[in-house]
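Trainee: Here is a sequence together with a model predicted from it:
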Amino acid sequence: MISLKRVSVVLLAAGESRRMGELNKLTLPVDGVGLLRRMAMMLCNYGRAEGCAFSEVVVVTGHDQRAAVEQLSGLPVSVAHNANYTEGQMSSVVCGLKSLTQPSDGVMICLSDLPLLELEDLRLIHQAFTDADRPIVVPTYAGQRGNPIILETSQVDEILTTGRNLGCRNLIEREPDRVTQLEMPNDHVIIDMDTPDNYKNVQARVAKRSVSHLVDAV
């Protein structure tokens, strides 16, 4: 069994996908699977064979809650609905953190629109958190901050107590003593799917098999 710190996951799926137009990006297929379902499946499958699976996965819904819940059908996740999702991403982070129930050493805050993210990327970030002497791990690629990040439990408590945004984009510059930057071997942590053009680019990369298929359907 691989000895890694215990990590729970908050998967953010409450946004309105405004830049995608009329489409709900979380339902768009990536490699034949809806984007949100693909992300949730990967998080649920992570580490099972090695015995280092995530402690729990909480999915935060908001906009188009019904479609999100349908995407999660049959998966071993918990769903937390953020009725205040229009107040911004931080409200969903807090909602997810408050919904965690399992003991863990840290929490991974994961966006739902990381279509190229793979199991190996998750392993690298998890290992970095286990090895780090700082409470926050942020993956980067070519100097650009990416996602998902992992926060030590002490940092989670601070967020819930003070409302501070420890996942904000200027955190590395503002409080470098808290952050371990993990330079990734690929760009999967910085590729999102906010616009129709983003989606076309993702489809092209998947078609060229530059991102591996999911393993072990849940």
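Mentor: Yep, it's here.

Trainee: which SSE is the residue nearest in space to the middle of the chain in?
Mentor: With distances taken as Cα atoms, centre = their mean, C110 lies nearest the centre of the chain, 1.5 Å away. In this assignment (DSSP states H and E), C110 forms part of strand 106-111.

Trainee: What are the contacting residues of stretch 15-34?
Mentor: 13, 35-36, 38, 41, 62-64, 67-68, 71, 85-86, 89, 92, 112-113, 115, 193-196, 199, 202-203, 206, 211, 213-214 (Cβ atoms under 8 Å, 6 or more residues apart in numbering). The C-beta positions use only the backbone N, C-alpha and C, and glycine is treated the same way.

Trainee: among these, which ones are buried?
Mentor: Among the contacts of stretch 15-34, those that count as buried by neighbour count (16 or more other Cβ atoms under 10 Å) are 13, 35-36, 38, 41, 62-64, 68, 71, 85, 89, 92, 112-113, 115, 193, 199, 202-203, 206, 211, 214.

Trainee: just to revisit the earlier point, give the bridge partners for the residue nearest to the centre of the chain, please.
Mentor: Beta bridges link C110 to L11 when assigned by DSSP bridges.

Trainee: and what of L182?
Mentor: Bridge pairing for L182 - DSSP bridges - gives P139.

Trainee: The chain: strands as residue ranges?
Mentor: 7-13, 29-30, 33-34, 57-61, 78-81, 106-111, 136-141, 144-145, 149-152, 179-183 (DSSP state E).

Trainee: Dump those to JSON lines, plus mean pLDDT and distance to N45.
Mentor: Formatted as JSON lines, the strands of the chain follow (pLDDT from 0 to 100; distance: least, Cβ to Cβ, whole Å):
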{"stretch": "strand 7-13", "mean pLDDT": "97", "distance to N45": "12"}
{"stretch": "strand 29-30", "mean pLDDT": "94", "distance to N45": "15"}
{"stretch": "strand 33-34", "mean pLDDT": "94", "distance to N45": "12"}
{"stretch": "strand 57-61", "mean pLDDT": "98", "distance to N45": "10"}
{"stretch": "strand 78-81", "mean pLDDT": "98", "distance to N45": "17"}
{"stretch": "strand 106-111", "mean pLDDT": "96", "distance to N45": "14"}
{"stretch": "strand 136-141", "mean pLDDT": "96", "distance to N45": "19"}
{"stretch": "strand 144-145", "mean pLDDT": "93", "distance to N45": "26"}
{"stretch": "strand 149-152", "mean pLDDT": "95", "distance to N45": "18"}
{"stretch": "strand 179-183", "mean pLDDT": "96", "distance to N45": "21"}
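
Trainee: so which of these gets nearest V189?
Mentor: strand 136-141 (4.3 Å; Cβ to Cβ).

Trainee: what's the angle from the closest one to strand 179-183?
Mentor: Strand 136-141 runs at 30 degrees relative to strand 179-183, counting by axes from the mean of the first three to the mean of the last three Cα atoms, to 10 degrees.
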